[in-house]
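In: Next comes the sequence, and after it the predicted model I'd like to discuss.
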Amino acid sequence: MKNLPLWDTGQTIETRFKPDADIVLYEGDVTSFLAELPDRTVSLIVTSPPYNLGKAYETRTTIESYLQTQAGVIEQLVRVLRDDGSLCWQVGNFVQDGEVYPLDMFYYGIFKQHSLRLRNRIVWHFAHGLHAQQRFSGRYEMLLWFTKSDDYIFNLDAVRVPSKYPGKRHYKGPNKGKPSGNPLGKNPSDVWEILVEEWEDGLWDIPNVKANHPEKTLHPCQFPVELVERCVLALTNERDWVFDPYMGVGSSLIAAIKHNRRAMGCEKEPDYTATARERIEAYFNGSLKLRPMGKAVHQPSGRERVAQMPPEWLDAHEGEVE
Ligand SMILES: C[S@@+](CC[C@H](N)C(=O)[O-])C[C@H]1O[C@@H](n2cnc3c(N)ncnc32)[C@H](O)[C@@H]1O
């Protein structure tokens, strides 16, 4: 389906926060932007912060100093979050001298200092990635969903997924014989299989699978829009503010705009902010390529060349039964 704009008139993209804006793209440090934001403004903060891995956009430091900086930002994020709002913090691992530090565990204590309530610790599982040599290859990251209070938005029906067995029926009790599931589908659970990369349309011989994702840009670790869409739909209502303090190339903002929410984000790297702006404009003119939400993961048939055992390995597998 074409990505049709949800507003009739062209959207102005503001570069500073204005209470009556629809979209704000701030280029600069997150702390400067937060200083301009009023208390209790945002319904959903959804982000993937820098992981202190020494990526092109970050300077690696000790884990203590990294977390101390992040704690200062989090204090301000809690201040701008509405009382019925949610915060979704997506992180992986920090690795030092071969030792793995699960960042979500370190962050948990910081959020609890502000009395946020954890609603789900979501495992974002993906099939591809780097192949480790001295430990098992990592194939998941975490998304911590906190709320600021016990009175929070949760639109489960907006994000239900197809049931595996919709025809199941109650076999006893007062509802005996009636369908036992929900006609809108099932709860998507706390394990999310949302793709970062995929082999599309059976193009199995393309070596750079990452570049083959329809949303791929210059950013080394961008969110799939679909991952944020689920948070936006479940945790906010239309016209609420969605904020990504480390927006990169604007994936969270696109997810928000697509579902008629107001979107703001900040990013310190000018190239990424420029790409975020281009993607939002492309969304409005219908030319942005997005992987459709809920699209099934491609399953190999086994006949593809890359799915077959190289002839030179056959000896090593002699005698194995399928
Ligand atoms: C993990 S990436 C987020 C990518 C994003 N989810 C996307 O889909 O493009 C973290 C981003 O935070 C930005 N960043 C790091 N420190 C920042 C700071 N102090 N202020 C603003 N942005 C910062 C980096 O440049 C990087 O683009």
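Out: Arrived safely. Residues are numbered from 1 along each chain as shown.

In: residues in contact with the residue of the stretch 101-250 of the chain found nearest the ligand?
Out: Using Cβ to the nearest ligand atom, the single residue of the stretch 101-250 of the chain nearest to the ligand is G248, 2.2 Å away. Every residue, glycine included, has its C-beta placed from N, CA and C. By Cβ atoms under 8 Å, 6 or more residues apart in numbering, G248 lies in contact with 48, 219, 221-223, 267, 272, 276.

In: Can you check the pLDDT for the spatially most central residue of the chain?
Out: The residue lying closest to the centre of the chain (Cα atoms, centre = their mean) is L227, at 3.8 Å. Looking at L227, its pLDDT reads 91.

In: Tally up the residues packed near the residue nearest to it when sequence neighbours are not counted, please.
Out: Spatially, and ignoring its direct neighbours in sequence, L227 is nearest to I194 (4.7 Å; Cβ to Cβ, 6 or more residues apart in numbering). Counted by other Cβ atoms under 10 Å, the residues lying close to I194 total 21.

In: hang on, I194 packs against V228?
Out: No. Applying Cβ atoms under 8 Å, one finds I194 not in contact with V228, separated by 9.6 Å.

In: ok, back up a step: ChimeraX command to pick out the buried ones of the contacts of G248?
Out: Here is the ChimeraX command that selects the buried residues among the contacts of G248 (16 or more other Cβ atoms under 10 Å):
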select :48,219,222,223,267,272,276
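
In: Contact partners for W192?
Out: W192 neighbours (Cβ under 8 Å, 6+ apart): 122-125, 143, 227, 230.

In: would TSV of the residues you listed with secondary structure be doable?
Out: Output for these, formatted as TSV (DSSP: H, G, I helix; E, B strand; the rest coil):
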residue	secondary structure
I122	strand
V123	strand
W124	strand
H125	strand
L143	strand
L227	helix
R230	helix
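
In: Would you list the buried entries among those?
Out: Buried among the contacts of W192 (16+ other Cβ under 10 Å): 122, 124, 143, 227, 230.

In: out of those residues, which one sits closest to L81?
Out: When the buried ones among the contacts of W192 are ranked by distance to L81 (Cβ to Cβ), L143 comes first, at 16.6 Å.

In: Name whatever forms a beta bridge with that closest one.
Out: For L143, the beta-bridge partners are Q90, I122 (DSSP bridges).

In: Touching, it and H125? I think so.
Out: No. In terms of Cβ under 8 Å, L143 does not count as a neighbour of H125; the distance is 11.0 Å.

In: Could you list the low-pLDDT ranges of the chain?
Out: For the chain, the stretches flagged by pLDDT under 70 are 1-10, 53, 57, 195-213, 294-302, 304-307, 320-322.

In: Longest helix of it, counting residues only.
Out: helix 63-80 (DSSP state H).

In: which other residues reach that one?
Out: 30-31, 34-35, 37-42, 45, 49, 52, 87, 94, 96, 101, 106-107, 110-111, 113-114, 116, 148, 243, 245.

In: Kindly recompute the last result at 6 Å.
Out: Residues outside helix 63-80 that contact it (Cβ atoms under 6 Å, 6 or more residues apart in numbering): 30, 34, 37, 39, 41-42, 45, 52, 94, 101, 106, 110, 114.

In: What of stretch 147-159?
Out: 81, 83-86, 117, 119, 184, 188, 230, 233-235.

In: First-to-last residue distance for it?
Out: 18 Å (Cα to Cα, to the nearest Å).

In: Turn the buried ones among the contacts of W192 into a markdown table, columns for distance to the ligand.
Out: Listed next are these as a markdown table, based on distance: Cβ to the nearest ligand atom, whole Å:
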| residue | distance to the ligand |
| --- | --- |
| I122 | 15 |
| W124 | 12 |
| L143 | 12 |
| L227 | 9 |
| R230 | 15 |
